[in-house]
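*Asks:* below is the sequence, then the predicted model.
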Amino acid sequence: MILTILKYLGLCLAAVSTIWGLTHELTVKTPDNRKRLTKAGIVSILFVAIGLVLGIVSDDIGRRQAAKEQFAKVAAEARRTNEIIIAAQPLTSLNFSLQFETADTGFRKQMEDAEKEIEENAMSSQGGVPRIPFEAMEYESSLIPMLKFLSQAGDKKNNTAAKNEEAENNATDSNGIIALVPLDDAPNAILSFGEISGNAEWNNHDTANKLSAGFSSVDNGARTGTSSPQTSKTFATAGPSKYSIDWNLDPVTLESAVDRANAAIRSGAKLPRVLKLVILRIGATLPFAYNNFALTKSDPWHINKGDDTLKTTKLSNMTLTASVNGFTELSYQYKLVNVYQKPLYNDWGEEVEIGCTVFEFKLE
């Protein structure tokens with residue numbers, strides 16, 4: 001648009017300069033028989049100079065714009081090529097980061113206290129061994145409260161959500177919190193992490209299954225991994241503070257942290273264009289097969305017309321970034337588009353008393 005305006009403005013100035021020269025006397029002779037520019041002549045030269053400058057600027061902007069478009073085209077082609085390469089690969093590693101901002105003072109105070117507890121625990125270390133293991137302290141003091149805050153970040157719009165929350169508070173395992181991320185469109189592979197106590201009840205009790213490596217403080221022999229989710233905080237002096245949950249899952253940890261509906265189907269490295277983060281507040285029997293969040297008839301992954309849309313006045317700038325198989329050239333950048341409160345049902349179609357908040361992200 002600017003380029004077009006400059007181009008035609010230059011042409012108009014050239015035309016005006018020509019007409020001006022034809023209708024005005026541009027020079028006069030001095031007594032010593034020399035030519036001197038009149039005021040009209042000076043104006044004519046100014047028209048020409050301005051037109052020349054506009055022409056140069058227009059040409060420069062045109063070259064820059066062409067170069068930018070060419071670069072964007074090459075980058076788009078490279079991204080498509082990378083997507084094709086990745087789509088043909090199995091998912092072997094995953095690095096994701098969930099980031100959000102909030103000005104909630106109560107949550108900030110909780111996170112500041114968590115930082116103090118983590119520091120005090122680190123200072124209690126003797127011979128490199130702290131009072132509470134480093135990862136366990138980080139998990140309990142920081143990650144779990146952060147997940148609980150996110151699960152309650154949406155403004156309740158009706159009494160159903162409030163009823164669910166009341167039921168959660170009266171339940172035997174109301175402190176449990178679970179985060180689930182489907183890694184494919186089926187969904188077949190479910191990444192899971194959080195906290196479940198021994199009081200949790202399941203649809204069945206096939207004790208052959210072990211809990212995901214993403215859970216902490218379990219007493220039933222969970223699968224093992226080499227890393228766990230980490231948190232970070234940037235407290236602002238004014239305005240909202242920044243928080244994130246980060247997890248770098250190497251091949252060993254990824255295999256141990258993912259539940260599958262069909263173990264024979266391996267996950268592809270191409271992530272869905274719409275990614276969901278499901279956070280469950282445990283209230284009653286979990287509508288999943290024992291220690292397998294991929295096996296359920298409740299279907300928390302799909303949004304129905306009757307599901308409540310929540311306003312997230314407590315949150316802002318919530319994004320999710322992921323890269324797969326160490327492929328840093330292609331990073332999935334997701335932006336939060338909706339938050340839902342969803343009812344869950346057991347195998348008999350009865351609604352279970354469990355809080356289910358669904359964060360829906362779309363690829364930018």
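*Replies:* Yes, it's here.
*Asks:* ok, how many other residues are close to residue 201?
*Replies:* Per other Cβ atoms under 10 Å, the neighbour tally for residue 201 reads 13. In this view, the C-beta of every residue, glycine as well, is placed from N, C-alpha and C.
*Asks:* got phi/psi on it?
*Replies:* Dihedral angles of residue 201 (phi, psi; degrees, to the nearest 10) stand at phi -110, psi 150.
*Asks:* now it: closest residue in space, sequence neighbours ignored.
*Replies:* Leaving out its chain neighbours, the residue that sits closest to residue 201 by Cβ to Cβ, 6 or more residues apart in numbering is residue 285, at 4.3 Å.
*Asks:* isn't the one you found right next to residue 199, touching?
*Replies:* No. Applying Cβ atoms under 8 Å, one finds residue 285 not in contact with residue 199, separated by 11.2 Å.
*Asks:* residue 102 is in contact with residue 244, isn't it?
*Replies:* No. Here residue 102 lies out of contact with residue 244, judged by Cβ under 8 Å, at a distance of 11.9 Å.
*Asks:* neighbour-wise, which of the two wins?
*Replies:* residue 102 (22 against 17).
*Asks:* distance of the more buried one from residue 318?
*Replies:* To residue 318, residue 102 is 9 Å away according to Cβ to Cβ, to the nearest Å.
*Asks:* tell me which of residue 285 and residue 199 has more neighbours.
*Replies:* residue 285 (17 against 12).
*Asks:* who are the contact partners of that one?
*Replies:* The contact partners of residue 285, by Cβ atoms under 8 Å, 6 or more residues apart in numbering, come to 201-203, 346, 352.
*Asks:* let me see the domain layout of this structure.
*Replies:* As given by automatic domain parsing, the domain ranges for the chain are 2-84, 91-363.
*Asks:* next, format these as TSV and append mean pLDDT.
*Replies:* Formatted as TSV, these follow (pLDDT from 0 to 100):
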stretch	mean pLDDT
domain 2-84	72
domain 91-363	85
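*Asks:* check which helix or strand residue 84 maps to.
*Replies:* helix 39-87 (DSSP states H and E).
*Asks:* packing partners for that helix?
*Replies:* In this structure, helix 39-87 packs against helix 2-23, with contacts taken as 3 or more Cβ pairs under 8 Å, 6 or more residues apart in numbering; DSSP states H and E.
*Asks:* what segments of the stretch 51-200 of the chain are strands?
*Replies:* Counting by DSSP state E, counting those that start in this stretch, one finds strands in the stretch 51-200 of the chain at the ranges 94-102, 177-182, 189-195.
*Asks:* and the second one, which strands flank it?
*Replies:* Spelled out, that is strand 177-182. Within its sheet, and counting by DSSP bridges, strand 177-182 is paired with strand 189-195 (antiparallel), strand 274-281 (antiparallel).
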